[in-house]
Structures are given as C-alpha cells and as structure tokens.
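Asks: Sequence first, predicted model second:
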Amino acid sequence: MAVELYKEKYRSQVREVVLGATKEEGGTRTKTITVGGQTALPFMYFEGENPHRPVVAMEVWDVVPEDWPASLKNYFEDVYDDPAAWAKKCVEEYGADLIALRFKGAHPDGKNASAEDCIDVLKKVLEAVGVPLIIFGCGVTEKDNEIIGPIGEAGAGENLLLGIATQDNYKPVASAAMAHKHCVIAQSPVDINICKQLNILIAEMSTPLLDKIIIDPVISAVGYGIEYTYSIMERARFGALQGDRMLAMPCIADVSKEVWSKKEAYVPEEENPEWGDQADRSLAWETTTATAMLHSGTDIIVLSHPEAVKKIKTHIDELVQGGS
Amino acid sequence: MGLTGLEIFKNLPKTNCKECGFPTCLAFAMALANGKTSLDLCPYVSDEAKEALASAAAPPIHMVKVGVGENELEMGDESEIFRHDKRFNHPTVIAIEVKDNEDIEAKVDAINQLEFDHVGQHYESNMVALVNASGDAATFKAAAEKAAAKTEKAFALISDDLAALEAALEVLAERRPLLYAANKDNYEKMTELAKANNAVLAVKGEDLDSLAELVDKIVAMDFRDIVLDPGSREVGKVLVDMTQLRRQAVKKKFRSFGYPTITFTTKDDPQEELVQAGMYVAKYVSIVVMKTAKREIHLPLMSWRANVYTDPQKPVAVEPGAHEVGEVDENSPVYCTTNFSLTYFLVEGEVDTTRIPSYILSVDTGGISVLTAYADNKFIAESIAKAIKEFGLEDKVKHRKIVIPGGVAVLKGELEEESGWDVIVGPRESADIPKFAKEQFA
C-alpha cells in the first residue's frame, strides 16, 4: 500500500534578505549571506523550498563579558579584551556564519563608550573578519539612538544588520538603514499584530526597506515562556506562506542574550545539586533554546558557546541533507 | 475533530419526526455537530448509523496507555498540527535506555533521580527502556528483575528475541509495558504476546508504506494498543515522517496512522541527543528513547517539554499570596506583581539573583500580566492594598515599603493612600531588578 504524502499548498514565499556586501557590491565582506525564501515550513523539503539554510551568528562584545560564567568565558580568555581577535576566533575556529557585535560598553552605567569608540571597534572587527555583521546596542534606548546613526554611517556600504527597531522607537535605526543601505531588525513583543504594524511603519519610511527587514519576535529561554515565541514564530511563518506580505520576513532569535543571564546558566552544582553540572547545563540550555527556535522557523540564531554552535550547525547539516 | 452537521445528517432517518425535540433532522444534526445534544435522543437512528457516527467522531489519534497506577502514561489522543490552534494533550514520554549487560542498579538510580522542581512545576522521568543488549533471554529476565526492584516507573522492553520478551514479561507484565517491536516477520507472534500479557506493542515499519500495511494486519487481529515507529533514524527523515503521521491522522483521518509514535535518539554525545530529543518533543513524537540520564541534560529538556504542552489558550497562573524567596525575615524587602506565571517567575528569578531574601506579593489578576491587568482594573491600588492585608504582610515584615512594577508607576500615590505603605517604583523590566535591589536594599 502506497501512502500518498500529505502536502500543504501555500500561496506565497518568505522574502529573501541579503546580509553583508562584497567589494563588488560596495562593501568589504568576503561573502554575503542570504536568508529567507522559503515556500514551505522549516525543513519540509517534500512540499516546497527551503532554499537557504538557517545560519548561526556568534556574539562579540566591545568590553570584557564579566558576567559570563567561567565555563563560557574560558573559551575566549585569550581574546575577550580584543573584539577583533574575538571575532576572528569565532569565525576561524568556531565556524560562526556571522558576527553579532554587541556594544555593551556603550551602557551609561558601564564604560559609557562614545559613538567614536564604537566606530573604532566596528572598523577593527570589519577588518578582522570577512563575514557579515549584526549590530546590537547596549539596550538603553536613548544611548542606542545616539550611537546607531554614526555606526550606520561608518559602516556605509557593508549592508550591516542593524538592531533594534521597536514600535515606539523605530526611526533612528530605520533612518540609519535607509541612509546607508543596511538591514533592520524589527522587534515586536511576542505580538503578531505589532510585528505586522512595525513592518508597515518601516515600509512607510522607505518601501525598499521591506526587503531588508528581519523579524525579532522577542524570545525567551527554555523554561521562561519560550512557548509563546515558538507559537508566534509558527503563526508568523504560516501567515507568510498564506500570503501575508507584512509577515513574510526572515526571523532572528537572540538566544545567547536570553540564556546567559538566567540562573540555570551560572548557578554552580554545589549550590543546586539537583540541576547537575553547571558547565554542561548552561551549554544544554543554549542548545535546547536554539533547537526550539530553529524548528519554529528561525533563520538567524545568535549563540555564544562554541560547543552550542557546533551542535546546532551539525543538526542543521543533518536536517538539510536528510530532507533533500 | 468532529463531523460536520451535513455529514451527521446523512446518517439520520430524515423523517423530521420531531421526537428529539428539534424541528427537523437537519437542525438536530447541526446541534449534534456543535456538541449541544446527544444522539440517544433520536429513537429511530439505526445501529449501523450509530456505529458510523461514533467511529467518525472518535479522536483522530487513538489514546494508548502504558504503565499502571500512578505511573500510567497516556499517549496519543491528539487533534492538532499546531499548538497555537489548540493544546497538545499528552506530553512526550522520555524513556531512558538501560542495557541488560550494564550496571542496571546504577543506571536506574540515575533515572530515578531525574526529578526537578523548576519555575513552579514538577518534572520527573517517565520510563525505563530495558534493552536486551546481551541477546540472552535469561540475562534480560534477570535485568528486568533488578530494574523492577529499583523503580515503579513504566517500562519499555526492547528485544528482537521473542523468548527474551516472554522471559522479561514474567517479571514485568503487571506493569503493562511497551514491547518493542513488531515487524513484518514477527508481527503475528508479537501481537499474540502483547494480547496475552495486556501489553502495548510498538510497530516498526521500514517506511511509511510498510508501516501502514503492518498496522492494518495487526488491527485485523483485533489489537489496537499500538505505537508507531516509521523506522527512520536520520533527524531530517524522522521530522518528515513524524509530520506525515500526524497530518495523515488529523487531516485525512487515515486510521492506520492514528496512533502514538516512538523514535530513538541516535547520537552518543548527550548534548547532541538533547538537540534531537528537543526537536522530537515539539514535532509529534509520543515516546523518545534516549541514552543519557544526566540531570543537566534532562532539566532543560523537561522544561522545554512542559513549555510545548502548556495550554496556549489559558493564562498560566500561580497561587496568589506572599511568596518567600530565600530565608526571609521581618526586614526583607517586599515586591509585588501579578499572578500571571510568566511574569511572576521572571520576577522570582531576578529577585532570587539579588541574593537578598525577599517577599513577592502575587496579586490575583486572574493570571494576566501587569499592564493588561492594570488596564482591566485588576492590578490597581485597591486590589494590591487588599492583597497586602489578606496575605498578612503587615505581620510578616516590620517596615512598610512595597516595590511596584515600573510599568504602573502611576499607582504610587493612590496605593500609598489606600494601604498606608510607602511605595517604591521599581524597574519596568524584571531584568533590571538586580541592579535596582543593589541600590535600594544592599
């Protein structure tokens, strides 16, 4: 008896977004990365296309990540006071597809680095690695608004992925992207309507930006409400395939940011024996969260632990090979 | 997934006799489709029609139970492809392998220890998968005895050898174990064995086609307590097969695939097993058999499983009250938030991080978040003041200071008036609590 495969029929396609620019395209990247373009749910190769595999970005800070547990920090001991060397290690040794540059040092309560300081770091990292870059600010809106314009200008031509535009504060990032031809991370708080609305607002500023938006639905770590994001991602992707063009953008999940601030990542085993080994547990938290996001339709996953990068990339390899 | 009114109507007598209380058979059929009445009210419906309607109205995936008593595990009975449409009913069973030629006591002990209390939920391991790695029936039986003496959990018995399964069943039949697995060569004997021992039977195909054939043969032997293994092991293929099994059962009502499912992780590295199992938990697998029993692997996996199988349509609430974080005393700070579990546990996690023992007053907002509850008049000065009294905070602490979420700073004046407490406006985001606490309370 032959079982006929049940195939969903979709009407539409996720937009393709190119990150980075080579010399010919006005930048200095040695390669670009394309995400999106799906005409089916993740890894369902039997009913449509998943033309571009999901990619893994590794994060690099402009300051030493003091709060990271030693089990993670140790991997970067030789480089974490030098963002360029850190980025290089992520790409050459750990296989990062992109670098997510997080300007933690700009935080007013920390080093309060200026826009010039940030630009200096950006230039060094651009020189050190050939992969496309993602830019995250320090998380304080006023300060991030100050630095994003100059960063966008300094990186003109590189087609950076600039974070983070929100419904209340999308203009600074979108303007920087518009003026200097970068991509934009559009973040909505686990809310599909705000997600659409924000994409519309950005498109109203500049229609061509529609093909440069990456959706960040705001994620959480496993155990902390990740199911909300999981379902929002599934709904957004399903909506995109059904023809909703304002949801048809690739998605990013900032897994690293969520995982490494949770107590599951750093509480030592002696303090909570029930939870088991801290080093392996923190790694497991990052891989589980990444796995969850990957299967809800994420295109770009931001990670920190080199072993998590390796496991997730291997998993993606197997999915791509097994399904095609 | 029920039948439409028209599908039901076709099976009714169409006499419009009105004895059911409805004006026409069609009106009765529509009410039936909406679950508003019962077919018993029709005195003239034929037995064949009754049977047809009952079988068509049955859930697309048969429920199968493995194990007994407190350790009974329900599987199947699913009706959805996406959890955002309606909840997934029965969480994936995580079974852990114990080989009959390894240190059985030690591995079963490790499995027994997999028990966690995490963000307000209790998780524990479900099932021991005893593997006849020795290939010897007597060894398998002895292993079953040792394992059974160590744990009350449900069992899966994994062997190609019928004699070995029979031997282990002498020990474990009363636990209603899962027998793994019937294949095209042994299915008749395996089905008889499962029947005779009231066990559950895994059915292993070589692909979807051969699986459907095999299931039909076993069902023809009048046995339905089965679990499906499409035989694939590469993750990409398993994902596609499991998706097909679910879609065929739910969307096409293809009965041969209307059963729970089972698969195995293939990696030896526990972190890589975790990645595979993490995917299977979300992608329609009813039982995943793993090798590792490491706590640090199972805690995130069980957390993820709990996340996937929560009801997306119901806000998850914690008990309202004055919750203690750490060894509190009469000088401990007091925070307040809603009883929406996501909000509450984020706040609890951050307050825990401050390492300053504190009270968190969770106000009953019906399980909705701070701003929604504020907008809905459930998280307002009056309800917070009432909760302070109701949960005895005035006796628990000497001071009279309460921290409110930054998002509802506007409540400060009114709450001070209403409660007589000093109100400190806390951060908007729970992530900023540690810094806030350092400045305020350190």
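Replies: Nice, thanks for sending it over. Numbering: from 1, shown residues only, chains lettered A, B, ... in the order given.
Asks: what ranges of the stretch 301-442 of chain B fall below the confidence cut-off?
Replies: B:315 (pLDDT under 70).
Asks: Name the residues of it found near chain A, please.
Replies: Counting by C-beta under 8 Å from any C-beta of the partner chain, the stretch 301-442 of chain B comes close to chain A at B:301, B:303-304, B:306-308, B:310, B:312, B:342, B:345-346, B:349, B:352-353, B:431, B:435. C-beta coordinates here come from the backbone N, C-alpha and C atoms, glycine included.
Asks: hmm, which of those residues are the buried ones?
Replies: Buried subset of those (neighbour count, 16 or more other C-beta atoms under 10 Å in any protein chain shown): B:301, B:303-304, B:306-308, B:310, B:312, B:342, B:345-346, B:349, B:352-353, B:431.
Asks: can you name the two of the residues you listed that are farthest apart?
Replies: B:312 and B:353 (28.4 Å; C-beta to C-beta).
Asks: and the residue of the stretch 51-200 of chain A nearest chain B?
Replies: residue A:109 (7.5 Å; C-beta to the nearest C-beta).
Asks: before we move on, which element is the closest residue to that residue other than its chain neighbours in?
Replies: Nearest non-adjacent residue to residue A:109, counting by C-beta to C-beta, 6 or more residues apart in numbering or on different chains: residue B:435, 7.5 Å away. Element membership for residue B:435 (DSSP states H and E) is helix B:433-441.
Asks: What is that helix packed up against?
Replies: helix B:341-354 (3 or more C-beta pairs under 8 Å, 6 or more residues apart in numbering or on different chains; DSSP states H and E).
Asks: Partner strands of whatever helix or strand comes next after the helix it packs on, with direction?
Replies: Per DSSP H and E, the first helix or strand lying C-terminal to helix B:341-354 is strand B:358-363. Paired neighbours of strand B:358-363 in the sheet (DSSP bridges): strand B:321-325 (antiparallel), strand B:334-338 (parallel).
Asks: what about the closest residue to chain A within chain B, which helix or strand?
Replies: For chain B, the residue closest to chain A is residue B:236, as judged by C-beta to the nearest C-beta, at 2.2 Å. Taking DSSP H and E as the definition, one finds residue B:236 inside helix B:235-251.
Asks: With residue A:243 instead?
Replies: Counting by DSSP H and E, no helix or strand carries residue A:243.
Asks: Correct me if wrong: it contacts residue A:14.
Replies: No: assessed by C-beta atoms under 8 Å, residue A:243 is found out of contact with residue A:14, at 11.4 Å.
Asks: The two: who's more crowded?
Replies: Legend: neighbour count by other C-beta atoms under 10 Å in any protein chain shown for residue A:243 and residue A:14, higher for residue A:14 (26 against 12).
Asks: next one: phi and psi at the spatially most central residue of chain B?
Replies: Centroid check for chain B by C-alpha atoms, centre = their mean gives residue B:91 as the closest residue, at 2.7 Å. Main-chain torsions, residue B:91, degrees, to the nearest 10: phi -60, psi 150.
Asks: rewinding a little: so the residue of chain B closest to chain A makes contact with residue A:315?
Replies: No: look at residue B:236 against residue A:315 with C-beta under 8 Å: they stay out of range, at 9.7 Å.
Asks: okay, those two: which has more neighbours?
Replies: residue A:315 (24 against 20).
Asks: can you tell me which residues contact that one?
Replies: By C-beta atoms under 8 Å, 6 or more residues apart in numbering or on different chains, the residues touching residue A:315 are A:291, A:294, B:235, B:272, B:275-276, B:279.
Asks: nearest to residue B:397, of those residues?
Replies: residue A:291 (43.2 Å).
Asks: tell me the mean pLDDT over the helix or strand the closest one falls within?
Replies: Applying DSSP H and E as the criterion places residue A:291 in helix A:278-294. Mean pLDDT, computed over helix A:278-294, is 98.
Asks: next structured bit after the helix or strand containing residue B:111?
Replies: Secondary structure assignment for residue B:111, by DSSP H and E: helix B:104-112. Counting by DSSP H and E, the next helix or strand C-terminal to helix B:104-112 is strand B:115-118.
Asks: Contacts (any at all) between chain A and that following strand?
Replies: Yes: legend: contact between strand B:115-118 and chain A by C-beta under 8 Å from any C-beta is shown at B:115-118.
Asks: Got phi/psi on residue A:300?
Replies: Backbone torsions for residue A:300, taken as degrees, to the nearest 10, come to phi -130, psi 120.
Asks: That one: neighbour count?
Replies: Neighbourhood size, residue A:300 [other C-beta under 10 Å]: 27.
Asks: wait, it sits on residue A:53?
Replies: No: if you go by C-beta under 8 Å, residue A:300 and residue A:53 don't touch, sitting 11.0 Å apart.
Asks: and residue B:222, how many neighbours?
Replies: The burial count for residue B:222: 8, using other C-beta under 10 Å.
Asks: Flag every buried residue along the one helix or strand in chain A whose mean pLDDT sits lowest.
Replies: Across the helices and strands of chain A, mean confidence by mean pLDDT, DSSP states H and E is lowest for helix A:263-266: a mean of 88. Within helix A:263-266, the residues that count as buried by 16+ other C-beta under 10 Å are A:264-266.
Asks: quick one: pLDDT of residue B:37?
Replies: On the pLDDT scale, residue B:37 gets 78.
Asks: Confirm that it sits in a helix.
Replies: No: the assignment for residue B:37 by DSSP: H, G, I helix; E, B strand; the rest coil gives coil, which leaves it out of any helix.
Asks: State the number of residues packed around the residue nearest to it when sequence neighbours are not counted.
Replies: Once flanking residues are discounted, residue B:37 sits nearest to residue B:31: 4.5 Å by C-beta to C-beta, 6+ apart. The burial count assigned to residue B:31 is 18, neighbours taken as other C-beta under 10 Å.
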